[in-house]
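**Student:** Got a sequence here, can you model it:
(chains A and B)
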Amino acid sequence: MDFLRPASWEEALAAKAEHPTAVPIAGGTDVMVEINFDHRRPEYLLDLNRIGELTEWEVGQENVRLGASVPYSHIMEHLRAELPGLALASHTVASPQIRNRGGVGGNLGTASPAGDAHPALLAAGAEVEAESVRGTRMIPIDAFYTGVKRNALEPDELIRAVHIRKADGPQQYSKVGTRNAMVIAVCAFGLALHPETRTVRTGIGSAAPTPVRAKEAEEFLNAALEEGGFWDSRTIITPSIAKQFAALAAGACNPIDDVRGTASYRRHAVGIMARRTLGWTWESYRGNGRSTEGAA
Amino acid sequence: MGVTGNPTSINQGTRTKGGIGESTLRPDGILKVTGEFAYSSDMWHEDMLWGHTLRSTVAHAEIVSIDTSEALATSGVYAVLTYDDLPSTVKNYGLEIQDTPVLAHGKVRHHGEPVALVAADHPETARRAAAKIRIDYRELPVITDEASATAPDAILVHEGRDDHHAEHVPHPNIVHRQPIVRGDADAAAARADVVVSGEYVFGMQDQAFLGPESGLAVPAEDGGVDLYVATQWLHSDLRQIAPVLGLPEDKVRMTLSGVGGAFGGREDLSMQIHACLLALRTGKPVKIVYNRFESFFGHVHRHPAKLWYEHGATRDGKLTHMKCRIVLDGGAYASASPAVVGNASSLSVGPYVIDDVDIEAIALYTNNPPCGAMRGFGAVQACFAYEAQMDKLAAELGMDPVEFRQLNAMEQGTLLPTGQVVDSPAPVAELLRRVKAMPLPPERQWEVAGEQADVRALPGGLSNTTHGEGVVRGIGYAVGLKNVGFSEGFDDYSTARVRMEVVAGEPVATVHTAMAEVGQGGVTVHAQIARTELGVSQVTIHPADTQVGSAGSTSASRQTYVTGGAVKHSCEAVREKVLEIGRRKFGTYHPAWATAELLLEGGKVVTDGGEVLADLVDVLEDEAVDIELEWRHRPTEAFDLRTGQGNGHVQYSFAAHRAVVEVDTELGLVKVVELACAQDVGKALNPLSVVGQIQGGTTQGLGVAVMEEIIVDPKTAKVRNPSFTDYLIPTILDTPTVPVDVLELADDHAPYGLRGVGEAPTLSSTPAVLAAIRNATGLELNRTPVRPEHLTGT
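**Tutor:** Numbers count the residues shown, from 1 in each chain, chains lettered A, B, ... in the order given. Alright, predicted model coming up:
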């Protein structure tokens, strides 16, 4: 195995162009596990740790441009206001040590359905800044996940950053694991209210071959909120609407049975999380900081 | 010798600093938490090679051929060994039944069985070379449960058995069967006003010690080998290793290296023989370190079990009878299965008085992973089931579950189903009373004034799944019965060598045993005993090795009792010898040398009245007193193979738990809020260590209640989750507060009156958590661990 250590982003792109099979490594929290388990033996590892800009972020008018290697702990500490859903998701990633190493770029590169960041990115709305020696392109997050552990990157492309829409309303994130910390997702759910566009976006993790949005649930809820005038009245969402939303979210799953949980449990749990996260975010939207009240 | 309650000893304990009864700090503690402690995996030898084990990828198959040529041709590879390379006529090993091949011969019987070994100059080279070994398997149907094991046409996991259980078992795929019959359970059942029965399932738990199997074998000039290894019982290893190497035992010299936990998982051999074989073949030191993945295949697990129980009671709450059948899955090799069967059957009644019983326990041979010793050893599975039964009975009778247990609680003098009388304190009712009397943790602790819920106090924790929605509190109780020490007539002795001499003007004691310090704190306790008995402050603990006699296993909650007893015994002999020297030198100067009871205290010889007669420095001068003695507890008897009668156990231990849980009833997630424990320890030699043992055992019991399980595919018998990603053990956020109430009711048969501590809390913790979850949810829950699917019906 050859270990490539580019000193700059341009060198990294050149190396990736020369060795398209090279596996980029930053925090190593996915790649090293795979190597240790002998699940993969890449011919080349492309170490991105010398490229300082990848751990930087910029807060713009509309978006946060988050460098691919910004560690989860930084997102939790510094971007809680702008990216509340992703900050909550970051908090569920493994242990403090791993949160200090791992970042969203790795989650996207691996594109595992169990990656913790995906539901939050889907719910917030994001674009992946992919670059190669051929140029830069922006891949909408909805089009990024193409299959189990597969993404829309070309072999010569690297993830430079993720552009995530700044929160314009409350966001929530829930993840079920069979342990109260340091656990891989059995399933996860992200939800973001977008009062500016009067829409709700969602993201489901670990309950389908790829991270997915619960589109039907979103459409139903968007229509119901509009028809009922909820955005303006800020009244409690009718329980039947929340229930239907939860059922449609569960229906958006296409899960499997595995050692972590059964398919039917995953469907069930996604429904519960959909209902609860809707309750919490809506309470916040109503101006009630205490999200334990009135939820679900 | 071994006299308990000896008032002079107790007095010394209070007067000599760092003696028994004090919470002296463990010598290895700070090193371990700061990362400086050298574990077995840290060992290094100049010029050493790395060994790698190639393991079977299938559970049950004939080996048609093995081709090692490509592996051997790999640059950097020094040796590739298969069964054909074994140097001795002895090719199997085993704790009790020698049924385990050092390397597979013609057949593999479980997933991950060692087939070939490679030694190379780099671990990666060894691994890659092993991957080039071509093995052609012809797969066989897998035996995975009782039905497939005892089917008329079942393949025999081991053909031609000639072990001493083979004659009495009903089927060759049953390792051992132990019935226990006392009274007339059917007749007693007729007197019952209420009868409850249930079928219970206990999942396969792993010891999950943090220091994976590792060791270093160094070939010696005399043709022997020096082996440095993390194990639980050096001499048991030695007895199994030497014959396979074709060496006399004195040519295999073993030294204990730093052990990162054991919990039973190091009772069986792992890499010991393999490293020695490679070292002797290559003439170079060979180190083997398993990674976590391999560790899941490198040691036995706790027997998964199916248990059927029936209990009856009269309307006024007295138990009438109990019938049970316990089927333990021993997997492909016997390991400790026979002894686990003995424990499961003889302790299946729990800490209750039941005169009429009909008990049967068996262990199967299957193609599942081999199972053997783990903390609680057969008593854990039974406790899970009988405690569920107690709650069912109490509910049927409309009684309080604690009062119902107390009404039937065993006490000193109780006759057990085996015919053995419990002849030391058995404060079962009192432990339950104490644990129930502890204050309950406050409700709704997640509510923080004016803020969002503190998710760390809720089920799901940081995963943020609830802010209180769906959360219901439940409370449950359980109490258990465990034996201490090796049972069924086993010669369960230990050896201690104690030396006393003057070093740099100070009296110093050296304690040398072969006791494996696996984290239990034995080395701390040995120094405390030596200080108490010999009145010195300086005690050196010699590294554990096979240059001294056997200490027996660090298992069965026995080491403080048995090796502690041996250290005490040898210290007493040293003390007598020192006093003899003193009398010879100074006897004529003071009549008390002849008339008074003399003690060693604060570096001096004193009378029991406190008068100083001489400094130990002056008594000993240049002389060293050095004594090695064996020590035995009371003998036990085998259980009768038909009736199960016999005084099979040395000592019993008891712990009770109260569990408080919050269950997210919609998502099926559990937060254990508190696990209060009350336990009788006879005498707490080191109270801090005692509390640590109880908290650790409690947590391990919690693990198998809500998360820990090795999942084996029933179709292929392959392990599906051999990693800490999917085999989950409790984090600190899953670990509740564990208030501990320690009783000290002396057992007059044991050194200092002590009672083994380490295992009892592992028994009652699991059923207490289950009872609390049942209390919260109203569900029956007859299996452990409980998974979210079970709580949500999905």
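
**Student:** Now the residue of chain B at minimum distance from chain A. Its backbone dihedrals?
**Tutor:** Proximity of chain B to chain A (C-beta to the nearest C-beta) peaks at B:G461, 2.9 Å away. To be clear about C-beta, it is placed using only N, CA and C from the backbone, and glycine gets the same treatment. When quoted as degrees, to the nearest 10, the phi and psi of B:G461 stand at phi 50, psi -130.

**Student:** what do you get for B:R584?
**Tutor:** Dihedral angles for B:R584 - degrees, to the nearest 10 - are phi -60, psi -40.

**Student:** Just give the number of residues close to it.
**Tutor:** 11 (other C-beta atoms under 10 Å in any protein chain shown).

**Student:** quick one: contacts for the closest residue to chain B within chain A?
**Tutor:** Chain B sits closest to A:N180 of chain A, with a gap of 2.9 Å, by C-beta to the nearest C-beta. Going by C-beta atoms under 8 Å, 6 or more residues apart in numbering or on different chains, A:N180 touches B:456, B:459-463, B:669, B:671, B:731, B:733-734.

**Student:** ok, now A:H91?
**Tutor:** A:72, A:76, A:99, B:462, B:464.

**Student:** Name the nearest residue to A:R80, ignoring sequence neighbours.
**Tutor:** A:A87 (4.4 Å; C-beta to C-beta, 6 or more residues apart in numbering or on different chains).

**Student:** how close does that neighbour get to A:G287?
**Tutor:** Distance, A:A87 to A:G287, using C-beta to C-beta, to the nearest Å: 21 Å.

**Student:** circling back: in three-state terms, how would the closest residue to the residue of chain B closest to chain A other than its chain neighbours be classified?
**Tutor:** Leaving aside its sequence neighbours, B:G461 sits nearest to A:N180 (C-beta to C-beta, 6+ apart; 2.9 Å). For A:N180, the assignment made with DSSP: H, G, I helix; E, B strand; the rest coil gives coil.

**Student:** what's the spacing between A:N180 and B:K671?
**Tutor:** 6 Å.

**Student:** Residues in contact with both of the two, list them for me.
**Tutor:** B:459-461, B:734.

**Student:** Rebuild these as a markdown table, extending it with pLDDT.
**Tutor:** Output for the shared contacts of A:N180 and B:K671, formatted as a markdown table (pLDDT from 0 to 100):
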| residue | pLDDT |
| --- | --- |
| B:P459 | 97 |
| B:G460 | 96 |
| B:G461 | 94 |
| B:D734 | 96 |
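
**Student:** Pipe these into JSON lines and attach neighbour count and secondary structure per row.
**Tutor:** Formatted as JSON lines, the shared contacts of A:N180 and B:K671 follow (neighbours: other C-beta atoms under 10 Å in any protein chain shown; DSSP: H, G, I helix; E, B strand; the rest coil):
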{"residue": "B:P459", "neighbour count": "27", "secondary structure": "coil"}
{"residue": "B:G460", "neighbour count": "27", "secondary structure": "coil"}
{"residue": "B:G461", "neighbour count": "22", "secondary structure": "helix"}
{"residue": "B:D734", "neighbour count": "23", "secondary structure": "coil"}
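
**Student:** Against A:H39, how distant is the spatially most central residue of chain A?
**Tutor:** Geometric centre of chain A, nearest residue: A:H118, 2.0 Å, by C-alpha atoms, centre = their mean. Applying C-beta to C-beta, the value for A:H118 to A:H39 is 20 Å.

**Student:** what does A:Q172 give?
**Tutor:** Counting by C-beta to C-beta - A:Q172 and A:H39 are separated by 33 Å.

**Student:** Okay, now the unreliable bits of chain B?
**Tutor:** B:1-15, B:451 (pLDDT under 70).

**Student:** which residues does the nearest residue to B:E662 once chain neighbours are set aside contact?
**Tutor:** Closest residue in space to B:E662, ignoring its immediate chain neighbours: B:K671 at 4.6 Å, by C-beta to C-beta, 6+ apart. Contacts for B:K671 (C-beta under 8 Å, 6+ apart) come out as A:180, B:457-461, B:661-663, B:734.

**Student:** Check B:V502 too.
**Tutor:** B:508, B:616-617, B:620-622.

**Student:** so it bridges to which residues?
**Tutor:** Bridge pairing for B:V502 (DSSP bridges) gives the partners B:P507.

**Student:** How about residue 103, nearest residue that isn't a chain neighbour?
**Tutor:** Reading this off chain A. A:S69 (4.6 Å).

**Student:** hmm, I had chain B in mind actually
**Tutor:** B:Y83 (4.6 Å).

**Student:** ok, how many other residues are close to A:L4?
**Tutor:** Look at A:L4: counted by other C-beta under 10 Å, it has 19 neighbours.

**Student:** Then the one 5 residues further on?
**Tutor:** The burial metric for A:W9, expressed as a neighbour count using other C-beta under 10 Å, is 17.

**Student:** next one: A:S95
**Tutor:** 10.

**Student:** re the thing from before, closest one of the shared contacts of A:N180 and B:K671 to B:T495?
**Tutor:** B:D734 (40.3 Å; C-beta to C-beta).

**Student:** quick one: the closest one and A:T178 touch, right?
**Tutor:** No. Using C-beta atoms under 8 Å, B:D734 is not in contact with A:T178; the gap is 9.9 Å.

**Student:** so what sits against both of the two?
**Tutor:** In contact with both B:D734 and A:T178: B:706-707, using C-beta under 8 Å, 6+ apart.
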